[in-house]
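# Dropping the sequence and predicted coords here.
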Amino acid sequence: MQKYSTLSLVRNAISHHNGWQKAWRNPDLKSEYDAVVVGGGGHGLATAYYLAKEHGYKNVAVIEAGWLGGGNTGRNTTIVRSNYLFPQSAKFYNFSLNLYENMSQELDFNIMLRQAGLLTLLHSRHDLEVMRRNINAMHMNGIDSDWVTPDEVAHIAPGINMSEDARFPIVGGILQKRGGVARHDGVAWGYARAGDALGVDIIQMCAVTGFDIKNGEVVGVQTAKGHIKTKKVAIAVAGHSSVLAEMAGFRLPVSSMALQACVSEPLKPVFDAAIMSPATGIYISQSDKGELVMGGALDAYPSYAQRGNINTLEHIISGVIELFPCFSRIKLMRQWAGIVDIVHDSSPIIGHTPVKGMYINCGFGTGGFKATPAGGWTLAYTLANDRPHKMNEDFSLKRFETGAFIDEMGAAGIAH
Amino acid sequence: MMTIKCPYCGERSEAEYNFGGPAHLERPSHAAEVSDKEWGNYLFMLDNVKGISPERWCHSHGCGRWFNILRNTETHEILSIYKMGEGVKAARGDKDGA
């Protein structure tokens, strides 16, 4: 792998930038792999990287139907944070944030992590009371979270409507200073490049069309580019999890729905932190290019269409204008949607499937980006050891039989 | 954005409706004898079809009544709308369909 550094930048500038190597190879599909990862998004690429790096897998393929990071990895609003309520989630998402903090160094690829804070706005007495409890729970779980007064909110987010007469008056906030944003493509590319250097074959534009299963055990993967012999398969395909599960003969407790986001035209810097407002149902941050990146709730019915409806977009925009009346004349530049995998308790599924040798990472719903490193790390561990790590043992499919849910959405009151 | 023809009120914007889960699920009839796994399957496991899927919808901001829609989840095309109690097979040949 060509090392990226200031020195390499200078050296390549002198040679008119003709000396840069491709970031990863474009290999032909082999007929046999020790492990096959289905899905070339952040989670899949991270899984392959950790399989190679932590578990010594030298013969791994990542099979991607489209192009790297072209699904939800390239469609999310790039926010990273770990301010979850329950101990299992806190441990998992905090591990993820830790990996994010070292990722640029580890992968030798600048993922442009900007930890300018994640501010959650509180709009009512009830919000205050619930968040007092949540902030204590976060401290118990070792997660940084600060109480923020209305004056401090006005300082963090200039232009925000602090009027007491507002429809959703701002009565306070909580701030996770370690939260922030990262370049989502960079995360996928960084893992792809580092994985490729460790021998991972990345096969793009190659859809998986079926699995060979003998006596309840996976023995092969059928793809558009040919057949692969393998005994280990990891699936990380978010909104298409049910489609892959059907090929393997089982069902998942997953609904695929469209989650949309939009960006404005670029502006001069307004604020640094990412801001969430559960009461108005929106979140907003400003990208390094100056665009306002905005998102909100799901389109509330199943969809595989990768486009959002106008009702939800209007809802997002009205929430943004409620909070920031000064943004009312800004033009929207783009709007899009990704298909996310919604699970009843808003917690992920990482672990075994009913098919032996097949493991799955899904159910991250609207919050998969922040979990990318930990999702890949735990899936790789589970595949390599054929048992879950302590960090993901409670996130198994089994909980839909035992009822041991980790009901984050209901408890945390934070949109994800 | 979809317009949906409520069997009782006629054509309205999708904003008036709520999706209410997959249609034609059968609750296990002998609850006491059903294993945890079967209950879990009934309660949580979904076909989550990419393609044509039978769904329950409610005209919640209208007449408030429930009905079924046969809908393509890839294109959002509505193939058929039929009342509760009407079987999905009968509905596929419905003249109001497609």
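Sure thing, it's come through.

# For B:G51, grab the count of nearby residues.
Here the number of neighbours of B:G51 (other C-beta atoms under 10 Å in any protein chain shown) works out to 11. All C-beta spots, glycine's among them, are computed from the backbone N, C-alpha and C.

# shouldn't it be in contact with B:T73?
Yes - assessed by C-beta atoms under 8 Å, B:G51 is found in contact with B:T73 at 6.5 Å.

# Residues of the stretch 301-416 of chain A that sit close to chain B?
Proximity of the stretch 301-416 of chain A to chain B (C-beta under 8 Å from any C-beta of the partner chain) is limited to residues A:301-305, A:309-311, A:344, A:400-403.

# A:W147 falls within a strand, correct?
Yes - under DSSP: H, G, I helix; E, B strand; the rest coil, A:W147 falls within a strand.

# Now for it: which residues touch it?
A:135, A:172, A:174 (C-beta atoms under 8 Å, 6 or more residues apart in numbering or on different chains).

# Across the sheet, point out what pairs with it.
As for beta bridges, A:W147 partners with A:I174 under DSSP bridges.

# do you know how far it is from chain B?
37 Å (C-beta to the nearest C-beta, to the nearest Å).

# swap in A:E164?
31 Å.

# host element of that residue?
Using DSSP states H and E, A:E164 falls within no helix or strand.

# longest helix in chain B, by residue count?
Counting by DSSP state H, the longest helix found in chain B is helix B:36-44.

# on contacts alone, who are the packing partners of that one?
For helix B:36-44, the elements it packs on are helix A:399-402, judged by 3 or more C-beta pairs under 8 Å, 6 or more residues apart in numbering or on different chains; DSSP states H and E.

# Residue numbers of chain A in contact with chain B?
With C-beta under 8 Å from any C-beta as the criterion, chain A comes near chain B at residues A:240, A:242-243, A:246, A:251-256, A:300-305, A:309-311, A:344, A:400-403.

# thinking again about what came up before, buried residues, the longest helix of chain B. List them.
B:39-41, B:44 (16 or more other C-beta atoms under 10 Å in any protein chain shown).

# again, but for stretch A:122-142
Buried, per 16+ other C-beta under 10 Å, within stretch A:122-142: A:122-123, A:127, A:130-131, A:134-135, A:137-138, A:141.

# So which residues of chain B form helices?
B:36-44, B:88-92.

# A:C262 is in contact with A:I330, isn't it?
No - counting by C-beta under 8 Å, A:C262 does not reach A:I330; the two are 11.0 Å apart.

# Look at the two and report which has more neighbours.
More crowded of A:C262 and A:I330, by other C-beta under 10 Å: A:C262, with 22 against 16.

# Run a quick neighbour tally on A:N385.
A:N385: 10 neighbours (other C-beta under 10 Å).

# ugh, wrong one, I meant A:G249
If you count neighbours by other C-beta under 10 Å, A:G249 ends up with 12.

# residues contacting it?
Applying C-beta under 8 Å, 6+ apart, the residues near A:G249 are A:213, A:354-355.

# Quick one, grab the pLDDT at it.
With respect to pLDDT, A:G249 has a value of 97.

# Excluding residues flanking it in the chain, which one is nearest A:Y50?
Excluding its sequence neighbours, the residue lying closest to A:Y50 (C-beta to C-beta, 6 or more residues apart in numbering or on different chains) is A:A380, at 3.7 Å.

# what's the helix or strand containing A:L7 in contact with?
For A:L7, the host element (DSSP H and E) is helix A:6-14. Helix A:6-14 is contacted from outside by A:2, A:18-20, using C-beta under 8 Å, 6+ apart.

# Figure out how far it is from the centre of its chain.
Its chain's C-alpha centre and that of helix A:6-14 lie 33 Å apart, by C-alpha atoms, centre = their mean, to the nearest Å.

# Which strand residues bridge the closest residue to B:V88 other than its chain neighbours?
Nearest non-adjacent residue to B:V88, counting by C-beta to C-beta, 6+ apart: B:P54, 4.9 Å away. Beta-bridge pairing for B:P54 (DSSP bridges): B:L70.

# State the distance from B:P54 to chain A.
Where chain A is concerned, B:P54 sits at a distance of 11 Å (C-beta to the nearest C-beta).

# tell me the contacts of that residue?
The contact partners of B:P54, by C-beta under 8 Å, 6+ apart, come to B:22-24, B:68-70, B:88.

# Point out where chain B drops to low pLDDT.
Flagging of chain B using pLDDT under 70 yields the residue ranges B:89-98.

# one step back: from the residues of the stretch 301-416 of chain A next to chain B, which is closest to A:E164?
A:N311 (29.9 Å; C-beta to C-beta).
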